[in-house]
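[1] model this:
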Amino acid sequence: MPNVPTAFGYAIGPDRHAVVLGGKAFEAAHAPAAGGYLWRHVQGDVAALRSTLHGLQLDDSVVTALTAEETRPRCTPHGAGAILVLRGVNLTEGAEPDDMISLRLWVEAGQVVSCGVRELKALGDVTTMVEEGRAPLASADMVAALVLRLADRAEPIVAELNEKLDSFDDALAAQSMSETRRALAEIRQMATGLRRYMFPQRDALTTFEVEAFDWVSREALGQLREATDRLTRLCEELDAIRDRAQIVQDQVMDARAEQMNTQMFVLTIVSAFFLPIGFLTGLLGINVGGVPLSDSPNGFAITCGAIVAVLIAEYALFKKMKLF
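    Okay, here's the model as predicted:
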């Protein structure tokens, strides 16, 4: 059985005073006179949202868009309003922030209808504003407030990624590279996941601005531009994080290659140093007649002396060639 959706709503007047909508008033409410608007939110799974949204007398195409299984940030004008799909970071304990949560909106002159499948903390921030008497003045201002709170919640995640990259820079300076490559891959993956939705979200908000609905005031446009700028800065910061992560990754690979080259160089020098005496001892150890000093009682001492002489000569040669 589908989950029963939870819902809340407010009738917000031009003085920012909000009246809670409950019971039958949630579905039957009308926007307050003299510039007020309604904000109604429905939370639940996709199947449970449809019946509640139909009860709000929304167009079928709007309900279909708001209850789509897969959503990406976008803005679609529809009649005198617009369908907006936004995304916010997932701050649920144990969840990955780049597993972003969708917020679907229907916005028109007298109302904002929002719905979501999972809990979004930025929504609670705006709810607190409304209950404290700081509600946005109009429906377009409500969109700007929601986008700004989404950006507020994303900024600490982006700052944390920057701090992690700084710590990797310090680790490289101290020549400590254990698990650095795996951690860098996680940072790049998270930055890419956030950027995947931030850029379309910025474009969606820009589309909402340029549609120039007659119910969007100049003040609301200013707030929407501010929200767009915040999203743009976050997108640029995510691009910078990916570039920095790539630079650190290159440094890790260079350091690893240099370490391997040094090790191979040492092994090569050792092999080259002992090659002549290995050849000499191998040659004297063959089981054929005519091996020098085989019948001499001082043969072993002479052979050892020859080996030492060869080693001294090699050492002088390698030293001159600056191989040590």
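[2] Show me which residues of the helix or strand hosting Thr52 are buried.
    Taking DSSP states H and E as the definition, one finds Thr52 inside helix 46-55. Buried residues in helix 46-55, defined by neighbour count with 16 or more other Cβ atoms under 10 Å: 48-50, 52-53. For glycine as for every other residue, the C-beta is placed from the backbone atoms N, C-alpha and C.
[3] what pLDDT, on average, does it get?
    Across helix 46-55, pLDDT averages out at 82.
[4] Tell me the one of the buried residues of helix 46-55 nearest Met321?
    Using Cβ to Cβ, Leu49 is the member of the buried residues of helix 46-55 that sits closest to Met321, with 77.9 Å.
[5] doesn't Glu69 make contact with the closest one?
    No. In terms of Cβ atoms under 8 Å, Leu49 does not count as a neighbour of Glu69; the distance is 11.3 Å.
[6] would you put the C-alpha positions of stretch 309-324 in CSV?
    Provided in CSV are the C-alpha atoms of stretch 309-324 (Å, rounded to 0.1, in the frame of the first residue of the first chain):
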residue,chain,number,x,y,z
ALA,A,309,89.9,-5.7,-7.4
VAL,A,310,87.0,-5.8,-9.9
LEU,A,311,84.6,-4.4,-7.3
ILE,A,312,87.0,-1.5,-6.5
ALA,A,313,87.4,-0.8,-10.2
GLU,A,314,83.7,-0.8,-10.7
TYR,A,315,83.2,1.5,-7.7
ALA,A,316,85.7,4.0,-9.1
LEU,A,317,84.0,3.8,-12.5
PHE,A,318,80.4,4.2,-11.1
LYS,A,319,81.6,7.1,-8.9
LYS,A,320,83.1,8.8,-11.9
MET,A,321,79.9,8.3,-13.9
LYS,A,322,77.9,9.8,-10.9
LEU,A,323,75.8,6.7,-10.6
PHE,A,324,76.2,6.6,-6.8
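[7] Thank you kindly, that will do.
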